[in-house]
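In: Return a 3D structure for these sequence lines:
(chains A and B)
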Protein chains: 2
Amino acid sequence: MDKIWAKAAEGLLSAGSLEKMAGESVTLHGMVQRIRRLGWGAFIVMRRHDGLLQCVIGNEGNEKLLEKLSEEQCAELSGTLQEADIKDASINPSTVELQVDSGRIIHDPEVRPSVDLAKKVLDLHIDTNLDLRPLSLRHPMERARLKVSEALTRAFRGYLYDQGFTEIHTPKICVAGAEGGANIFTVEYFDRKAFLAQSPQFYKQMGVAIYERVTEIGPVFRAEPHQTSRHVNEYTSLDLEMGFISGQEDVMAMEMGYIRKALQLLRRDYSYQLQLLDVNLPEPPDWIPSITLRDAHEIAGEMLEEDFSDEPDLEPVEEKAVCRYFLESEGCEFVFVTHFPREKRPFYAMDDPQTPGDTLSFDLLFRGLEITTGGQRIHDYDMQVEKLRRFGLDPNEFESYLMAHKFGLPPHGGLAIGLERFTARLLDVENIRLTTMFPRDVKRLTP
Amino acid sequence: MDKIWAKAAEGLLSAGSLEKMAGESVTLHGMVQRIRRLGWGAFIVMRRHDGLLQCVIGNEGNEKLLEKLSEEQCAELSGTLQEADIKDASINPSTVELQVDSGRIIHDPEVRPSVDLAKKVLDLHIDTNLDLRPLSLRHPMERARLKVSEALTRAFRGYLYDQGFTEIHTPKICVAGAEGGANIFTVEYFDRKAFLAQSPQFYKQMGVAIYERVTEIGPVFRAEPHQTSRHVNEYTSLDLEMGFISGQEDVMAMEMGYIRKALQLLRRDYSYQLQLLDVNLPEPPDWIPSITLRDAHEIAGEMLEEDFSDEPDLEPVEEKAVCRYFLESEGCEFVFVTHFPREKRPFYAMDDPQTPGDTLSFDLLFRGLEITTGGQRIHDYDMQVEKLRRFGLDPNEFESYLMAHKFGLPPHGGLAIGLERFTARLLDVENIRLTTMFPRDVKRLTP
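Out: The predicted structure follows:
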């Protein structure tokens, strides 16, 4: 019998720790990101878990190592950390470098990288980038993007835990779609047909009667056939649902609190990635403007000299115009748009008693793109049954969902944030495939 | 234009806060869990986000409220928090109760609950419990179970973030299975067939070359046709994968560190749930014994007076026997079993050069059940291609996966913990459906 001790798990030094260790001897491992050979030896940049380490190897005593070194090798280098002042934003730690005494190659790849990972910007065609994802993501800027999306998920959970939310895990294989049947993937489930969840909507609502406030971060699946820069067919949804609200403003306020938290966390813990990607991070806003869809049509109409007043939804050009308006007039990069018409929102949206035909629903726009949909939901059983019928749906097919309403639900509402979209707008990346680790679209199922 | 302020999101008082507010006036909302009417008035137990609050309502001035009150209503009660010493483990806060001055009913359910949520233990047949999940989960013990599983996920992420891991989101719609093709669900993906991921295995491995250490908590899908108490067809997998290991012991040590952290977090933040469920929580272990499969067969053989030496895998009866042995001899409730034979492990498992036919792989057993599989993976391209062929698989079909090996991967390994199983063993719940919010099995797709 052996004994496994937890302490063996420790010992990976962060870039921040290395910066405090100038003068100390260390042995560090990593993958060789780039090599610059010079007369006296070479600069090696080694990819580590949280950044790139600059290493200096003199010829003397290291001839064999220098001869063999090449990109994407796994290596272990020993030496002394020396103070340095490194301007290259891809390097982290930036105040120390490793003066190498000796080293060894742990593993040699089968082939050399087919793209140049040493380039400052990986200016590949997007299809090439995505085809070669296991390789292209090794570029510092590519991997920094997904670290920013990590920050957005961490802040979401952290903030909501503090606000009394419970984290839930809901099934992705379902018998009905939350959006009324369209754009849904079919699964062969033993001898039956089932569907992939378009959102955790039904389960979040059931969860409100159990835990009052619930949250889930997970995959959602949309069989939308369009191939645009802002759609993928599987994405990560940041979901919350909360009970005992006095109106949808409570849900919007919760999102606002989250956004503040996310921007603060990014600033505090992800400054390496923000600098490397040259991110123009918004100031954590004290408030976010909120306008109705009617007002949004009017603003967009004036900005674009076009009449949108009959549009049932907010057009992409309008989203951009409204954002530009609030940036210029209020200095704010976020805008809530509320009161979407009934036919544009799902059957669980609460109708607004004040303005017939409208729902108590909202979108959050950020830098010209809708990154959230949310709103108040119907909690009354009779009201929900009636609205299902009005939508031409059979309440019997929603029996297990309606159990929540039947046995009682508080007034509640919630929202869903598209992680890849939010990340893309933060980073000013045009195509959300580039803020997705391994995107899925109409044409792409690999890697 | 309205302005949405973040501060509106705050204000939900935790049970812990209420305990510090004896003497203060408050207005609190919740759902009516139980009512005990007495001559002078009634005890009301109100379900809140993090526990049950005891409320005392005298007849005087509250006649109308008391007349209307019934279970599963949403209500708002105002009054004064008074010191109390409540022994009922389902009540939290336990040192204060609400002396109600006035109240109102916010929403009245369509029908009264069809099961008695006031019962101490909800002793329903499991099928009834699962059929009525949106209702049965409102019972304090049912919801406490899923809070314990929340603790296990929080600890996993928290521990791994501290250990330099990056959180990733990998696609669940894939072109090939990680386990070699069997027991996989088919998805109709536009004009093609695709599959649901049985694990994030391939993507975790690719992630090791990008971030060195990666983790994901997400759904996995297994089309296993058997209907047992320890299988569901969709479950939550706690995954990690780490590079630059010196052997699978590094992965096992990481799991051991996580388990210590999880048990500590449970003890610190989930004592209400632990007491309510009367959980016998293991002490955070200093070490975990590790034995080979051969040794495990021998121990189980002696315990059960049966010869298991020719078994290629560990039988369920053996898992129980081995756990009993280590509990009795070492006082330890966790046991690692290592060195499973090649034919019982997937094609990416690293063969053990020391004992031909064996792999560098492990299971973690806990209280008689395997809750983790893990091991070292093949990082060398040629070795992986050869092993795929030996498994009768065509390396061309794994082209995008093998890109990771081709362009270089460090020695690495990882593991996957079944969340529902781990929770079930911690809570001594026989059927993992009861530690799943909405389970999916061969027969069940709703709720």
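In: Quick check: closest non-adjacent residue to the residue of the stretch 51-200 of chain A found nearest chain B.
Out: Nearest to chain B, among the residues of the stretch 51-200 of chain A, is A:Pro109, at 3.1 Å (C-beta to the nearest C-beta). From N, CA and C alone the C-beta is placed, and that goes for glycine too. Among residues not flanking A:Pro109 along the chain, B:Gly408 sits closest, at 3.1 Å (C-beta to C-beta, 6 or more residues apart in numbering or on different chains).
In: Surely the one you found is in contact with A:Arg47?
Out: No. Contact criterion C-beta atoms under 8 Å: B:Gly408 and A:Arg47 do not qualify, at 10.5 Å.
In: joint contacts of these two?
Out: Common contacts of B:Gly408 and A:Arg47 (C-beta atoms under 8 Å, 6 or more residues apart in numbering or on different chains): A:Met31.
In: helix or strand for the residue nearest to A:Pro109, which one?
Out: For B:Gly408, there is no helix or strand it lies in under DSSP states H and E.
In: Doesn't the residue of the stretch 51-200 of chain A closest to chain B lie inside a helix?
Out: No. A:Pro109 is assigned coil when assessed by DSSP: H, G, I helix; E, B strand; the rest coil, not a helix.
In: Around chain B, pick out the residues from the stretch 251-400 of chain A.
Out: Within the stretch 251-400 of chain A, the positions adjacent to chain B are A:252-254, A:256-257, A:260, A:286-291, A:295, A:336, A:379-382, A:399-400 by C-beta under 8 Å from any C-beta of the partner chain.
In: And A:Gly368, how far from chain B?
Out: 18 Å (C-beta to the nearest C-beta, to the nearest Å).
In: what do you get for A:Leu419?
Out: Per C-beta to the nearest C-beta, A:Leu419 is found 7 Å from chain B.
In: pretty sure A:Glu83 is touching A:Thr95, no?
Out: Yes. Between A:Glu83 and A:Thr95 there is a contact under C-beta under 8 Å: 6.5 Å.
In: How much space separates A:Arg230 from B:Tyr189?
Out: Look at A:Arg230 and B:Tyr189: by C-beta to C-beta, to the nearest Å, they are 20 Å apart.
In: which of the two has more neighbours?
Out: Per other C-beta atoms under 10 Å in any protein chain shown, whichever of A:Arg230 and B:Tyr189 has more neighbours is B:Tyr189, with 21 against 17.
In: The one residue in the stretch 151-300 of chain A that gets nearest to chain B is in what secondary structure piece?
Out: Nearest residue of the stretch 151-300 of chain A to chain B: A:Ala253, at 3.5 Å (C-beta to the nearest C-beta). Taking DSSP H and E as the definition, A:Ala253 sits inside helix A:248-269.
In: Helix or strand next in line after that helix, which one?
Out: The helix or strand immediately downstream of helix A:248-269 is helix A:271-276, counting by DSSP H and E.
In: Name the residues that touch that following helix?
Out: So helix A:271-276 is contacted by A:15, A:50-51, A:89-90, A:92, A:140-141, A:144-145, A:147-148, A:151, A:266-267, A:279, A:281 (C-beta under 8 Å, 6+ apart).
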